[in-house]
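A.B. asks: need a 3D model of the sequence below.
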Amino acid sequence: MKKNFTYDFLIQSVNEKRLRYFYLVMISGSMRQAAEILDIDQAGISRQIQVFEQELNIKLFERKGRNIIPTEAAYIVLDYFKEQMRCENALFHQLHELKQSRQQNVSVVSSEGFIYTLINQVLKPVNQQYADLSIRLELMDVNYIVRLVAEGKADLGLAYNPPLHPDVCILGQKNDPAILAVPFNHPLTKLKRAIRFEELSAFRFAVMPLGYGFRQIMDSELARTQTSLDIGLVTNSMSALKNYVAAGHGISILRAVDVHQEVGSKHIQMLPLDSELCSQAQSQLLMRKHVTVSDSCRVLIRQIQTSFGLTAITDV
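C.D. replies: Predicted structure coming up:
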């Protein structure tokens, strides 16, 4: 059975030039101001709007003296323009991310404590597979690591006990307890048990600045136990913290892996802390959510997970 269809209108494309003229009139509130923005004659703007109305077959503005009042149709067209701009911006953003993902370079931001493993166990096998891969590595505190990853200014982040962020996913993690590092044969070693934070106030302390994972753990526990410390050194250098302890100047909070060599040479001893927060601290590999991952970056991620013994959390 043959059916006849009738069409009430013909589908036409919207003229992009006149659409943008219309938008300028809407946001400026007048033909004159729109013309000044475009540096053209006002009559030219008026003529383009009239043609635009004819193409759409509907009035966009009501003229009242020298003023123009947008009609209901004008606001519908305005919504269309904004949605078009949103889609256009999303398109260019996705194309930019795709282009970046294909380039053989990866930006990594990290805490200092991860550097030895990164340099000695991660880079060699990755460079063997991707000889042209260029890695930019920057050291910073945990808050900046999360921030740069969330903003897309760094591809990967290695952080100790980082705060959660809605735009950041965890690619891998492992339990990495914070321990108390003390000089060899320090009085606290005689207690033969986990050290309470209340017992630390009697000794000089070396600490990381605000914003570092160790400092955030320590400050949380000091607040919980209402304990104050005798701080002798504030530094963002892991090496300085270890040397401070090894030289017998005081004690500090670090990870076991950070003082492995100093423990072996009997310059430092590790003591457990009586703290659930310290025992549950984690090292994590971070990446921004919903990004396109290049093959070289994927290999780097796998090698970091393997070298650091991280349990994969998010698949890439």
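
A.B. asks: show me what the worst-scoring helix or strand of the chain on mean pLDDT is packed up against.
C.D. replies: In the chain, no helix or strand scores lower on mean pLDDT, DSSP states H and E than helix 72-102, which sits at a mean of 80. With contacts defined as 3 or more Cβ pairs under 8 Å, 6 or more residues apart in numbering; DSSP states H and E, the packing partners of helix 72-102 are helix 16-28. No exception for glycine: its C-beta is placed from N, CA and C like everyone else's.

A.B. asks: hmm, back to that, next helix or strand past the least confident helix or strand of the chain?
C.D. replies: strand 105-110 (DSSP states H and E).

A.B. asks: that following strand: how far from the chain's middle?
C.D. replies: How far strand 105-110 lies from its chain's middle: 12 Å, per Cα atoms, centre = their mean, to the nearest Å.

A.B. asks: buried sites along that strand?
C.D. replies: For strand 105-110, burial by neighbour count (16 or more other Cβ atoms under 10 Å) applies to 106-110.

A.B. asks: now stretch 46-58
C.D. replies: For stretch 46-58, by 16+ other Cβ under 10 Å, it's 46, 48-49, 52-53, 56.

A.B. asks: let me see the residues that make contact with that stretch.
C.D. replies: With Cβ atoms under 8 Å, 6 or more residues apart in numbering as the test, stretch 46-58 has contacts from 9, 12, 14-15, 17-19, 21-22, 25, 31, 59-61, 71, 73, 77.

A.B. asks: of those residues, buried ones?
C.D. replies: Buried residues within the contacts of stretch 46-58, defined by neighbour count using 16+ other Cβ under 10 Å: 18-19, 21-22, 25, 31, 60-61, 77.

A.B. asks: same list (the buried residues of stretch 46-58) but as a markdown table, adding secondary structure and distance to residue 131.
C.D. replies: Shown next, in a markdown table, are those (DSSP: H, G, I helix; E, B strand; the rest coil; distance: Cβ to Cβ, whole Å):
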| residue | secondary structure | distance to residue 131 |
| --- | --- | --- |
| 46 | helix | 62 |
| 48 | helix | 56 |
| 49 | helix | 59 |
| 52 | helix | 56 |
| 53 | helix | 61 |
| 56 | helix | 58 |
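
A.B. asks: mind putting these in CSV, pLDDT and distance to residue 283 included?
C.D. replies: Formatted as CSV, the buried residues of stretch 46-58 follow (pLDDT from 0 to 100; distance: Cβ to Cβ, whole Å):
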residue, pLDDT, distance to residue 283
46, 89, 65
48, 89, 60
49, 89, 61
52, 90, 59
53, 89, 63
56, 89, 59
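
A.B. asks: export these to TSV and tack on distance to residue 161?
C.D. replies: Formatted as TSV, the buried residues of stretch 46-58 follow (distance: Cβ to Cβ, whole Å):
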residue	distance to residue 161
46	63
48	59
49	59
52	58
53	61
56	58
